[in-house]
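# here is a sequence with its predicted model. Questions after.
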Amino acid sequence: MKKRLATTCLTFGLLGMAPLAGAAECGTVTIAGMNWASAELLASVDNFILKNGYDCDSSIVLGDTVPTLTSMAERGQPDIAPEVWNSLRPPVTQTNIDEGKLIVAGKSFENGGVQGLYVPKFIVDEHPDIKTIADAVKHPELFPNADDPSKAAWSAGPQGWGGTVVASQYYKAYGAEEAGFALVDTGSAAGHDGSLTHAYERNQGWIGYYWEPTALLGKYEMVRLSAGVPYDEAEWTRCNNVDSCADPKPNEWPNDAVDVIVTKRFAEQAGPALDYIGSRTWPNELVNEMLAWMSDNQATGEDGAKYFLKEHKDVWTRWVSPEVAGKIEAAL
């Protein structure tokens, strides 16, 4: 009996040590949970997959872009920043990447961060000649201005946004004022969203600045208008994103690189977990859809992660091995 008990205790002891051994191999991993919905979702998905698929001792720590990247370079923590927009990185980040303190491990979104001038899809469906910004400018009658019925509305966004600067410069570049548009300051983020929502739900035209992936573009079908010309980096730097520049020219709005950045320590020690981070690239349309679901259901990033893993197996199983996929499914 004593031998049986001893054998049983040893067996359970070894079984109990198995997850710890896996965790030791992957190590302790901290993931930056940024303070916007898509970053919260990505961090929660990474946390679930690393913890349950790779036996990492993982957790999420709160942080914003600049302090997070600074801490990663100087202190080696957190280990992973799941969604870093290139245009929002502090300048020293590139130096830290060049020196090997930080590693760009993969792309957060397949198409990067997309910004530009958008119109409702039903406008394009009803007026197939509208393909570019210049085409839309020819039809001020399609974009009513609630504040001044004699003019059309060009919703550039609230003051303080970088996107508002560019949208306002586009207003000059495409001769929107001469065509009968008024440049509208929507006052705040809520006011900007409200102007789009108000127009869309009344089947009215709206033209203005927006970006994706976002919940609103997951809920409403919008079309990003082409600039009608190629991207000119020199012209962009000279004038398109400089609010005081008086003579902007039409220019394509470039997509922003959005990367997964990790510490040197994680890159060197993570093993197969790093392969997952490098493979985990989200389709932009799916992120829009997920953010809309989270908004409609007042869901947290953790709620969104579980919903995504249950409903979109066809996507995430491409990021991991069959063995890891089985462990994730068992955890769900």
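Received, thanks.

# check which helix or strand the residue lying closest to P254 once chain neighbours are set aside maps to.
Spatially, and ignoring its direct neighbours in sequence, P254 is nearest to Y231 (5.1 Å; Cβ to Cβ, 6 or more residues apart in numbering). Yep, even glycine has a C-beta here, placed from its N, CA and C like the rest. Assigned by DSSP states H and E, Y231 belongs to neither a helix nor a strand.

# and Y231, how far from Q169?
Using Cβ to Cβ, to the nearest Å, Y231 is found at 14 Å from Q169.

# so which of the two has more stuff around it?
A direct count of neighbours by other Cβ atoms under 10 Å for Y231 and Q169 places Q169 higher, at 23 against 13.

# contact partners for the more buried one?
By Cβ atoms under 8 Å, 6 or more residues apart in numbering, the residues touching Q169 are 239-243, 245, 248.

# following the worst-scoring helix or strand of the chain on mean pLDDT, which helix or strand comes up?
In the chain, the helix or strand scored least confidently by mean pLDDT, DSSP states H and E is helix 2-26, which has a mean of 41. As assigned by DSSP H and E, the chain's next helix or strand after helix 2-26 is strand 28-33.

# L309 is in contact with W316, correct?
Yes - using Cβ atoms under 8 Å, W316 is in contact with L309, at 6.2 Å.

# what touches both of the two?
Common neighbours of W316 and L309 are listed as 45, 49, 328 (criterion: Cβ under 8 Å, 6+ apart).

# pretty sure the first one contacts F308?
Yes - under the criterion of Cβ under 8 Å, V45 makes contact with F308 at 6.2 Å.

# who wins for most neighbours among the shared contacts of W316 and L309?
Of all the shared contacts of W316 and L309, the highest neighbour tally under other Cβ under 10 Å goes to I49, namely 26 neighbours.

# could you give the backbone dihedrals for D256?
Main-chain dihedrals, D256, degrees, to the nearest 10: phi -90, psi 130.

# give the contact list for the nearest residue to it once chain neighbours are set aside.
In space, and not counting its chain neighbours, D256 is closest to G113: 3.7 Å by Cβ to Cβ, 6+ apart. By Cβ under 8 Å, 6+ apart, the residues touching G113 are 85, 87, 211-213, 255-258.

# any idea how far V124 is from S195?
To S195, V124 is 19 Å away according to Cβ to Cβ.

# break down the stretch 1-150 of the chain into its strands, ranges please.
In the stretch 1-150 of the chain, the segments counted as strands under DSSP state E, counting those that start in this stretch are 28-33, 57-62, 80-85, 102-107, 114-120.

# quick one: those strands as JSON lines, columns for mean neighbour count and mean pLDDT too.
Converted to JSON lines, these look like this (neighbours: other Cβ atoms under 10 Å; pLDDT from 0 to 100):
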{"stretch": "strand 28-33", "mean neighbour count": "22", "mean pLDDT": "96"}
{"stretch": "strand 57-62", "mean neighbour count": "16", "mean pLDDT": "96"}
{"stretch": "strand 80-85", "mean neighbour count": "26", "mean pLDDT": "95"}
{"stretch": "strand 102-107", "mean neighbour count": "20", "mean pLDDT": "97"}
{"stretch": "strand 114-120", "mean neighbour count": "23", "mean pLDDT": "97"}
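
# for R280, find the nearest of those strands.
Judged by Cβ to Cβ, the one of the strands of the stretch 1-150 of the chain that comes nearest to R280 is strand 102-107, at 6.3 Å.

# partner strands of the closest one, with direction?
Paired strands of strand 102-107, with direction, are strand 258-263 (antiparallel) (DSSP bridges).

# buried stuff in the helix or strand following the strand it pairs with?
Note on strand 258-263: by DSSP H and E, the next helix or strand toward the C-terminus is helix 264-269. Buried residues in helix 264-269, counting neighbours by 16 or more other Cβ atoms under 10 Å, are found at 264, 266-267.
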